[in-house]
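Engineer: give me the fold of what follows.
(one chain, ligands or ions: 1)
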Amino acid sequence: MSTLTGKLLRINLNDSSYGKEEIPRRHITRFISARGLGAKYLYEELAPAADPLSPDNKLLLLIGALGGTGLQGFSKWAVMSKSPLTGTIFRSISGGNFGVWMKHAGYDLIILEGRAVAPTYIHIDADGLHFHEAADLWGLDYRRLQAQLRAKHGNRTESACIGPAGENLVRYAVIHSGERTASRGGMGTVMGSKNLKAVSINVPIKKPAPFDPATFKGLLGTQVDILKTHPRKQTMTTLGTPYITKIVNMMGILPTKNYQEGSIPAIEDLSGDQFFELKKARAGCYACMTRCGGMREVAHGPFGGTQIDGPEYETIFAFGPLLGLSDRQFVIDANALCDAYGIDTISTGVCMAFACELFTRGLISPADTGGLKLTWGNKEALFSLIEQIGQRVGFGRLLGEGVQKAAEQLGGGADAFAMHIKGLELPGYEPRGVKGYALSMATSNIGGSHMYGRPREEFSGQADPLVETGKGDLIARVQKEQALEDSLIACTFGNTGLDTTMYARLLLAATGIDDFADAANLLKIGERIVCIERCFNARDGFDRKDDTLPQRMRKEPLQQAGPATDQMVGNLEHLLDEYYQALGYTAEGIPGIDRLQALDLPEAIENIKTHPVTNSSDSPGKSGQP
Ligand code: SF4
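Structural biologist: Take a look at the predicted model:
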């Protein structure tokens with residue numbers, strides 16, 4: 001018995017065929033599950049230079065080894081693919097029940113290949129797998145879609161699905177599961193490019209059975225005891241991620257007006273306490289005592305008069321200070337509008353802030369924006385702009401390409417105001433005020449993500465966030481830990497009180513695989529995952545030149561930022577040297593042969609030899625970063 005099914009489902013949309021396959025045990029012992037397995041399969045099966053929006057790309061849906069077991073906060077699921085925003089390998093993680101339903105259906109992994117000739121959805125039930133026409137579902141938002149799927153296939157149907165923006169190929173479209181989303185990197189865009197509206201599942205519940213049920217039950221009891229009294233859990237349950245706004249404002253790292261400033265005076269308006277006042281009900285993921293979400297009422301837009309699960313901190317920053325606003329209701333309404341179309345709130349906010357700065361500086365005018373006056377805080381214009389992005393019309397068509405491509409198309413120096421790393425719009429942490437975090441974002445194999453390795457030490461006072469040296473080892477470690485947690489999948493907000501030793505005990509009891517009993521080996525697996533992701537990108541020409549930050553972070557002193565005022569990341573090159581050294585990479589940021597051997601990655605050694613890294617200007621990995 002094992003909580004892993006050891007099976008994958010491969011679906012080819014070109015000819016509506018499918019088949020079940022064994023996942024080789026060596027894949028599992030080297031990569032565990034979820035992000036690890038996804039990185040392995042994408043590395044092995046995607047040809048170098050594959051176009052992310054072509055049928056050659058693959059979309060992987062994955063659940064972790066501990067998902068669906070009853071362990072608290074371990075039932076999220078992952079989507080992986082080559083991103084149409086970044087051109088890199090990508091993983092995005094979602095809540096909702098879909099992943100657990102995959103496991104009930106008997107799969108750790110679903111691989112979607114090719115492109116359907118017409119809008120399609122896939123339904124899996126006790127009788128097998130069925131391809132359905134989706135012409136009548138095309139254009140529906142996720143709520144109407146999920147309601148129709150439940151009406152047709154039963155109330156217990158769970159789905160991974162896209163809204164109109166995914167169909168329209170907006171490059172940062174999301175995939176929904178219930179009220180939650182796999183938000184970043186355009187995973188919904190890849191799904192839309194495959195003419196695939198949804199994958200739905202309604203099968204009898206088949207709870208994963210641990211290898212050692214008694215030990216696993218004991219460990220679950222320990223976890224529950226920890227959660228009952230842990231202060232972090234209490235904060236997350238009461239306030240959720242909105243509690244972060246005041247902390248980052250105090251540190252001077254709350255991105256304001258397109259990352260020109262680092263704090264706002266009216267922070268109380270966006271505090272966790274104020275959002276708590278608006279909370280109508282608790283919300284959360286499958287099997288999670290923390291339940292960090294909260295339902296809040298929407299005033300305007302297609303979901304006006306209903307409630308949404310949100311907003312999270314990242315949405316508060318993106319539709320608040322970043323746009324020169326501190327209006328809670330606007331944040332909620334803009335969040336709901338993005339949900340209705342199915343677009344990532346971070347990328348949407350950063351693209352709009354970019355446009356506002358260009359407009360304010362006179363680099364674009366109403367003639368470019370279709371008449372929209374994109375001054376800071378113009379809520380009406382910004383609301384219209386979200387609609388245009390979701391529909392991929394008007395000025396929104398350009399912004400729906402993502403901030404990097406939009407800047408390239410506009411020209412005229414617009415790239416100096418495009419806040420992205422490797423094409424992924426930056427998150428809600430100003431890099432100039434947290435230098436280790438800046439290094440983590442710069443080196444992230446998926447671009448400017450806050451979830452690729454978060455140095456908590458810079459927030460807790462254990463490491464000085466403004467010191468710019470000695471951060472290489474720290475970031476190498478937190479990236480390995482994050483890769484490990486994404487491969488279980490342990491929720492960053494729900495894994496309170498657990499450490500790598502506990503993960504080892506849990507994995508051993510769950511799967512019976514001895515390789516997982518050693519915490520040091522688990523961290524090595526984390527490093528192996530980060531490394532194979534880097535090799536995937538290196539094969540496409542990514543290297544040191546792409547591990548960078550926007551010019552603003554390197555050249556302009558941060559303003560209005562409390563303790564971080566006047567800070568810059570002045571010596572990124574030194575930080576990169578430290579980081580590469582910590583991971584055994586070459587000075588160009590490519591894993592060295594010795595390290596690949598030590599990490600037992602023979603497939604990557606072969607590829608590094610076969611596809612030597614190029615610095616040529618026509619490399620597909622050339623970032624165009626200012
Ligand atoms: S802590 Fe929040 S995000 Fe994490 S699993 Fe629980 S409800 Fe979901």
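Engineer: kindly report the residues of the protein close to the ligand.
Structural biologist: Taking Cβ under 6 Å from any ligand atom as the contact definition, the chain meets the ligand at 73, 76, 95, 236, 284-285, 288, 290-293, 491, 493-494. Yep, even glycine has a C-beta here, placed from its N, CA and C like the rest.
Engineer: now do 8 Å
Structural biologist: 72-76, 95, 180, 236, 240, 283-286, 288-293, 491-494 (Cβ under 8 Å from any ligand atom).
Engineer: run the chain-centre distance for stretch 544-554.
Structural biologist: Its chain's C-alpha centre and that of stretch 544-554 lie 20 Å apart, by Cα atoms, centre = their mean, to the nearest Å.
Engineer: pLDDT averaged over it - what is it?
Structural biologist: The pLDDT scores in stretch 544-554 average 98.
Engineer: same thing with stretch 169-176?
Structural biologist: In this model, stretch 169-176 has a mean pLDDT of 98.
Engineer: for stretch 460-470, same thing?
Structural biologist: 96.
Engineer: measure it end to end?
Structural biologist: When the termini of stretch 460-470 are compared using Cα to Cα, to the nearest Å, they are 17 Å apart.
Engineer: related to what we said a few turns ago, list only buried entries from the residues of the chain next to the ligand.
Structural biologist: Applying 16 or more other Cβ atoms under 10 Å to the residues of the chain next to the ligand, the neighbour count classes 72-76, 95, 180, 236, 240, 283-286, 288, 290-293, 491-494 as buried.
Engineer: still on that earlier bit, in helices only, show me the residues of the chain next to the ligand.
Structural biologist: Among the residues of the chain next to the ligand, the members falling in helices (DSSP state H) are Met236.
Engineer: any idea how far stretch 377-391 is from the chain center?
Structural biologist: 23 Å.
Engineer: what does it rub up against?
Structural biologist: Identification of contacts with stretch 377-391 by Cβ atoms under 8 Å, 6 or more residues apart in numbering yields 163-165, 168, 170, 300-301, 319, 323-325, 327, 330, 333-334, 337-338, 340-343, 348, 351-352, 355, 369-370, 372-375, 394-397, 399-400.
Engineer: Lys58 - how many residues pack around it?
Structural biologist: Residues within reach of Lys58, counting by other Cβ atoms under 10 Å, total 21.
Engineer: please name the residues that touch the closest residue in space to it that isn't next to it in sequence.
Structural biologist: The shortest distance from Lys58 to any non-neighbouring residue, by Cβ to Cβ, 6 or more residues apart in numbering, is to Glu113 (5.4 Å). Contact partners of Glu113, counting by Cβ under 8 Å, 6+ apart, are Arg10, Ile11, Asn12, Leu13, Asn14, Pro55, Lys58.
Engineer: residues touching Thr5, list them.
Structural biologist: Counting by Cβ under 8 Å, 6+ apart, Thr5 touches Lys103, Gly106, Tyr107, Asp108, Pro208.
Engineer: find the nearest non-adjacent residue to the last one, please.
Structural biologist: Sequence neighbours aside, Thr3 is the residue nearest to Pro208 in space, at 3.9 Å (criterion: Cβ to Cβ, 6+ apart).
Engineer: which members of the residues of the chain next to the ligand occur in strands, if any?
Structural biologist: Arg180, Ala283, Gly293 (DSSP state E).
Engineer: residues in contact with the first one?
Structural biologist: What that stands for is Arg180. Contacts for Arg180 (Cβ under 8 Å, 6+ apart) come out as Ser94, Gly95, Gly96, Cys285, Asp309.
Engineer: can you map out the helices along the stretch 451-600 of the chain?
Structural biologist: Using DSSP state H, counting those that start in this stretch, the helices of the stretch 451-600 of the chain run over residues 457-460, 472-486, 500-511, 519-539, 551-555, 572-583, 593-598.
Engineer: let me know the pLDDT of the closest residue to the ligand within the stretch 101-250 of the chain.
Structural biologist: Proximity to the ligand, evaluated over the stretch 101-250 of the chain using Cβ to the nearest ligand atom, is greatest for Met236 at 6.0 Å. The model reports Met236 with a pLDDT of 96.
Engineer: cool, the one 5 residues further on as well?
Structural biologist: Model confidence at Thr241, given as pLDDT, is 97.
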